[in-house]
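Undergrad: I'd like to go over a predicted model; first the sequence, then the structure.
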Amino acid sequence: MSERTTGTGEAPHYDLAVVGAGAVGALAAYYAVRRDPGRRVAVITHAGRGTGATRLSAGFDTPTGHNPAQRALAARSTALFGELAAGLGDAGRAPVDVRWLVTRENAAALDATMADGDRTRPVTGEQRALLDRTFPGLAHDDDQVLLSTAPMTVGQPQWLADRLLDEVLGHPDNTLLEGFRVTEVRRTGGRVELVAADGTRITAAKAILAPGPWVLDGPVAAAARERGARVKKVVAFHIMTPPPPGAPALVLEDADAFLLPHHPGGHWIFSITSPDWDRGPDEPLAIDARDRELARALLARHVPGFLPHLLGGRVFSDCFTPGHLPVVDTVGGDGVVMAIGGSGSGYRLAPAMAEDALNLLDGRP
């Protein structure tokens, strides 16, 4: 195997190597440089910037969590997004009104998920009228209610990852290595050596591995499996009719699905829970008959007027962990940390995941 090395024959060396150029990896690199502008950082990706889950994420940020740890992460990420907006001038986020369709018996449980202490409220007559105009044929069962919360946010995950990487690469000693698929991470002479599939190698004092849906096909695969990580297909259909100005998002809470207005694309994003587990990102992925049947059944039940506009969509993989709680932990000793398990919420939890990973490396609480 050939190796690309420095003129001295040694592999290039950095203070920090970040594997993964999605939301978590870009944030980790950005935070590292913000803390120490002199820290030499290499961001490594086997493809390009924001590939995979980050590129295809809807960017819908509902600050909720189904257990205290997840709620704490969500609340901290919300605060960190605010700091990002202040530091960058813009974090690519905009408010969106949210309405929830949930069974009465689950309404209290929904309130308990709110990380910011918000509580649901019955929709007003004006809000219901807007819902009826926005979602043609809107209907629900007798035991279901429509509720309202404070506005939440919709972001631009790929735009944000690119913006953060531009900040990192604005420092001349930092670099982005594309087409570098890390297959092995090992310790050599007190350094962390990262070896690519073609034999290329670099070294770093420390490393953060944020491989996203490629977690089970790389150097942290064994550690991830030990912690219960799996990958599954994620599907979001496009409803090809323009959302009206001020259109709210509608969360079908009991079905773990949502309808989100996507004004730049002139359509709606209809996210459903695909039943396909163990489908990696390098496999041929497509919306299949089961996905479409599930989507059509939900629309027929709740928004039948959208059925003629159910055309196409986006499909990718993501890493899911037990309890949908991300795993940020050392791998094989100090100096190497993995940040995995977005569980379909990687964008909205990414700031806290990245901060935790860097704190672990830097010895901070």
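TA: That came through, no problem.

Undergrad: can you give me phi and psi for Ile340?
TA: Per-residue torsions, Ile340: phi -140, psi 170 (degrees, to the nearest 10).

Undergrad: Surely it and Pro211 touch.
TA: Yes. Here Ile340 reaches Pro211: they are 7.0 Å apart, a contact under CB atoms under 8 Å. All C-beta spots, glycine's among them, are computed from the backbone N, C-alpha and C.

Undergrad: what do those two both touch?
TA: Residues within reach of Ile340 and of Pro211 at once, by CB atoms under 8 Å, 6 or more residues apart in numbering, are Val220.

Undergrad: Among those two, which residue is more densely surrounded?
TA: When Ile340 and Pro211 are compared for neighbours, Ile340 comes out ahead with 31 against 27, by other CB atoms under 10 Å.

Undergrad: Glu253 and Ala21: what is the separation?
TA: 33 Å (CB to CB, to the nearest Å).

Undergrad: no wait, Ala29
TA: Distance, Ala29 to Ala21, by CB to CB: 8 Å.

Undergrad: shared neighbours, these two?
TA: Contacts common to Ala29 and Ala21, judged by CB under 8 Å, 6+ apart, are 43, 165.

Undergrad: now the strands for the stretch 151-300 of the chain?
TA: Residue ranges of the strands in the stretch 151-300 of the chain, as given by DSSP state E, counting those that start in this stretch, are 152-154, 175-178, 182-188, 191-196, 201-209, 230-239, 249-252, 257-262, 267-272.

Undergrad: And the fifth one, what does it pack against?
TA: It refers to strand 201-209. Contacts defined by 3 or more CB pairs under 8 Å, 6 or more residues apart in numbering; DSSP states H and E place strand 201-209 against strand 13-19, strand 41-45, strand 182-188, strand 191-196, strand 336-340, helix 346-362.

Undergrad: The fourth one now?
TA: Strand 191-196 makes packing contacts with strand 13-19, strand 182-188, strand 201-209 when contacts are defined by 3+ CB pairs under 8 Å, 6+ apart.

Undergrad: what helix or strand does Leu101 sit in?
TA: Using DSSP states H and E, the element containing Leu101 is strand 98-103.

Undergrad: Next SSE downstream of that strand?
TA: Next in sequence after strand 98-103, counting helices and strands by DSSP H and E, comes helix 107-113.

Undergrad: buried sites along that following helix?
TA: Across helix 107-113, burial judged by 16 or more other CB atoms under 10 Å covers 107, 110, 113.

Undergrad: Span of stretch 253-269 from start to end?
TA: Terminal residues of stretch 253-269 lie 16 Å apart, using CA to CA, to the nearest Å.

Undergrad: To clarify, my last question referred to stretch 119-126.
TA: Using CA to CA, the end-to-end distance of stretch 119-126 comes out at 19 Å.

Undergrad: buried residues in it?
TA: Using 16+ other CB under 10 Å as the test for burial, stretch 119-126 gives 120, 123.

Undergrad: for stretch 157-167, same thing?
TA: The neighbour-count check on stretch 157-167 (16+ other CB under 10 Å) flags 157-158, 160-165, 167 as buried.

Undergrad: Which helix or strand contains the residue lying closest to His324 once chain neighbours are set aside?
TA: Distance criterion CB to CB, 6 or more residues apart in numbering; nearest residue to His324, sequence neighbours excluded, is Ser343 at 3.9 Å. Taking DSSP H and E as the definition, Ser343 sits outside all helices and strands.

Undergrad: Now stretch 77-86: average pLDDT?
TA: Averaged across stretch 77-86, pLDDT comes to 96.

Undergrad: Surely Val185 is in contact with Ala204?
TA: No. At 9.7 Å, Val185 does not count as touching Ala204 under the criterion of CB under 8 Å.

Undergrad: how about JSON lines for the buried residues of stretch 157-167, with distance to Ile287 and pLDDT added?
TA: Below are the buried residues of stretch 157-167 laid out as JSON lines (distance: CB to CB, whole Å; pLDDT from 0 to 100):
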{"residue": "Pro157", "distance to Ile287": "20", "pLDDT": "95"}
{"residue": "Gln158", "distance to Ile287": "20", "pLDDT": "94"}
{"residue": "Leu160", "distance to Ile287": "26", "pLDDT": "96"}
{"residue": "Ala161", "distance to Ile287": "25", "pLDDT": "95"}
{"residue": "Asp162", "distance to Ile287": "27", "pLDDT": "95"}
{"residue": "Arg163", "distance to Ile287": "30", "pLDDT": "96"}
{"residue": "Leu164", "distance to Ile287": "30", "pLDDT": "97"}
{"residue": "Leu165", "distance to Ile287": "30", "pLDDT": "97"}
{"residue": "Glu167", "distance to Ile287": "35", "pLDDT": "97"}
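
Undergrad: Which ones among the residues you listed lie within helices?
TA: Judged by DSSP state H, those include 157-158, 160-165, 167 as members of helices.

Undergrad: any idea which of those residues is closest to Arg121?
TA: Pro157 (29.3 Å; CB to CB).

Undergrad: Distance check, that closest one against Arg163.
TA: Look at Pro157 and Arg163: by CB to CB, they are 11 Å apart.

Undergrad: from the helices and strands packed on strand 201-209, which stretch is densest packed?
TA: Of all the helices and strands packed on strand 201-209, strand 336-340 has the most neighbours on average by mean count of other CB atoms under 10 Å, namely a mean of 28.

Undergrad: Many thanks, we can stop here.
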